[in-house]
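Chemist: Generate a structure from the sequence data that follows.
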Amino acid sequence: LHAHCPDWTYHAFMRKLEPPGPEEAGEEELYRKAELGFYKSLDKMVGRILEKVDLSETIVVLVSDHGAKPHLYARPSILKILAEAGLADYRVEEDGKIVINWEKTKAVPQRAAYIYINLKGRDPHGIVDPKDYDKVRDEVIRALYDYTDPETGIKPIILALKKEDARIIGLYGDRVGDIVYAIDPRYRGEHGTFLPTGELKARSLKGLLIMAGPGIKRGYVMERTCWLTDIVPTVCYLMELPIPRNTEGAILYQALEDPNIKLKELRRLREEYRKLKIKYERLQRTIESEKYLTHKYEL
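Modeler: Numbering: from 1, shown residues only. Here you go, the predicted structure:
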């Protein structure tokens, strides 16, 4: 069951909940009442579900894919940063549409936190020779780290990695850009181009995970980092379902009352099987011996 209300709402009025400046202040209480209202609605929905299930035999998982945060400063243009470093060329038309000059563009930002190199042989208008691929990526990363926001004096790019190095934050595969970057959480955006640990004004980008049901600890706050990919194998493990072969996550053993319960069950079943096997073999020997018994009767 999916509820998208928090995501929509925070995109719509996070800046009203936590104004970035005095010019937008004054309506915080009104919007905080609205925020409390949608959480009450979600709580009622979860409550109705819990009324219909038996937690002694049903697993309930409440999870969000990300959090949300406010901002203090206007978001920097990554395309502009690349253009100032001589790595991109573009113009902005009267209607605000951005037109890329591909003949002079070596790199371009795409899909939230990615930058792609305009590579010959791969991209339709590629100009970067494959032998210069790493060199251009180094130039892009240097440009990102060197940039200082003239309005704040802050360097907004807090992380920039080559695609192959992004594995350390769980990103890899053919859908990941040539460069992955993250922006300081003080800059505009409720989520997306930021590290998942980003926080500002007591608000966080960290997701929520609440689990209840048989075999799950009660009232326990897990200290280990939990990834979205950990949820499926954990639920499969508890429900004794096959874990999908392409699963990337791990079982959240720390959340279980007895992490070894399945191992104990397996040992118990093996012991029962061993005992049954012994009984079966004895019975089989008895049956075999009965076949050869003869009886003589005297008259």
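Chemist: quick one: the helices in the chain?
Modeler: 5-17, 28-51, 78-84, 133-146, 231-239, 261-290 (DSSP state H).
Chemist: For these, please prepare CSV with the additional fields mean pLDDT.
Modeler: Putting those into CSV (pLDDT from 0 to 100) gives the following:
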stretch, mean pLDDT
helix 5-17, 89
helix 28-51, 93
helix 78-84, 97
helix 133-146, 98
helix 231-239, 93
helix 261-290, 88
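Chemist: Return the most buried member of the ones you listed.
Modeler: helix 78-84 (a mean of 19; mean count of other CB atoms under 10 Å). C-beta coordinates here come from the backbone N, C-alpha and C atoms, glycine included.
Chemist: just checking, what packs against it?
Modeler: strand 107-110, helix 133-146 (3 or more CB pairs under 8 Å, 6 or more residues apart in numbering; DSSP states H and E).
Chemist: As TSV, the ones you listed with distance to Pro244 would be great.
Modeler: TSV is the format used below for the helices and strands packed on helix 78-84 (distance: least, CB to CB, whole Å):
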stretch	distance to Pro244
strand 107-110	29
helix 133-146	33
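Chemist: just so I know, which of the helices of the chain lies nearest Ile157?
Modeler: helix 133-146 (4.3 Å; CB to CB).
Chemist: coming back round to it: ok, which of the helices and strands packed on helix 78-84 comes nearest Leu17?
Modeler: strand 107-110 (28.0 Å).
Chemist: Give me the sheet partners of the closest one and which way each runs.
Modeler: In the sheet, strand 107-110 lines up against strand 114-117 (antiparallel) (DSSP bridges).
Chemist: what does the average pLDDT come to for the strand it pairs with?
Modeler: Averaged over strand 114-117, pLDDT sits at 98.
Chemist: Contacts made by that strand with the rest, please.
Modeler: Residues from elsewhere that reach strand 114-117, judged by CB atoms under 8 Å, 6 or more residues apart in numbering: 78, 82, 106-110, 123, 128, 133, 136-137, 140, 176-181.
Chemist: Try it again at 6 Å.
Modeler: Residues outside strand 114-117 that contact it (CB atoms under 6 Å, 6 or more residues apart in numbering): Ala107, Val108, Pro109, Gln110, Val128, Val136, Val140, Gly177, Asp178, Ile179.
Chemist: Only alpha carbons, please: show that strand as CSV.
Modeler: The C-alpha coordinates for strand 114-117 follow below in CSV (Å, rounded to 0.1, in the frame of the first residue of the first chain):
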residue,chain,number,x,y,z
TYR,A,114,24.5,12.5,-12.4
ILE,A,115,26.9,14.1,-15.0
TYR,A,116,27.5,12.5,-18.3
ILE,A,117,30.5,12.9,-20.5
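Chemist: Please compute how far that strand lies from its chain's middle.
Modeler: Put simply, strand 114-117 sits 21 Å off its chain's centre (CA atoms, centre = their mean, to the nearest Å).
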